[in-house]
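Undergrad: I'll drop the sequence and a predicted model, then ask my questions.
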Amino acid sequence: MKLLTLDELYAIVRLHPDAGLPEWVTVGPFWSATRSDTELSVVCRQDDVPPGTSAERGWCALEVAGPLDFSLTGVVASLVSPLAEVAVPIFVLSTFDTDYLLVREPDLAAAVEALEAAGHTVDG
């Protein structure tokens, strides 16, 4: 797989399950929102998250070059397994066309090294 590193740092934010989608979430070019019975979870640029918001900041995003066909199997497993072997925590997002891996900024070099050792390429 070929992965592209997005240029900005991101935050993973936890909001109340009944919260509306805040305007600051959608400012950047890449963001994601998922609602469940227990939370509204969003990923967006960390610089857009207001102070005092429940968030984990400092995440780098790696985009799998897509689009990926729905018949492909093992895509995420081929990416997360090498990272698990070197104890790199991840946050995974999937869209219709592709997948994204988020890794903490201090872990980026180790993640890239592990992914490349597993046969993937990382640009950016």
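TA: Sure, I can see it.
Undergrad: Let me see the contact set for the most centrally placed residue in the chain.
TA: By CA atoms, centre = their mean, the mean C-alpha position of the chain lies nearest to residue 102, the distance being 3.2 Å. For residue 102, the contacting residues are 10, 12, 43, 59, 60, 61, 62, 90, 91, 92, 93, by CB atoms under 8 Å, 6 or more residues apart in numbering. In short, each C-beta sits where N, CA and C put it, glycine included.
Undergrad: Can you tell me the SS state at residue 111?
TA: Three-state call for residue 111 (DSSP: H, G, I helix; E, B strand; the rest coil): helix.
Undergrad: okay, now it: neighbour count?
TA: With neighbours defined by other CB atoms under 10 Å, the count for residue 111 comes to 25.
Undergrad: May I have the predicted confidence score for it?
TA: Here, the pLDDT recorded for residue 111 equals 98.
Undergrad: same question, the one 10 residues further on
TA: Note for residue 121: predicted pLDDT of 94.
Undergrad: ok, it touching residue 2?
TA: Yes. Using CB atoms under 8 Å, residue 121 and residue 2 qualify as a contacting pair, with a distance of 5.0 Å.
Undergrad: How many neighbouring residues does the nearest residue to residue 40 once chain neighbours are set aside have?
TA: Of all residues not flanking residue 40 in the chain, residue 15 sits nearest, at 4.2 Å (CB to CB, 6 or more residues apart in numbering). If you count neighbours by other CB under 10 Å, residue 15 ends up with 19.
Undergrad: I'd like the next helix or strand past the worst-scoring helix or strand of the chain on mean pLDDT.
TA: Every helix and strand of the chain was ranked by mean pLDDT, DSSP states H and E. The lowest is helix 75-85, at a mean of 90. Per DSSP states H and E, the first helix or strand lying C-terminal to helix 75-85 is strand 90-94.
Undergrad: That next one - what's its average pLDDT?
TA: Here strand 90-94 scores 94 as its mean pLDDT.
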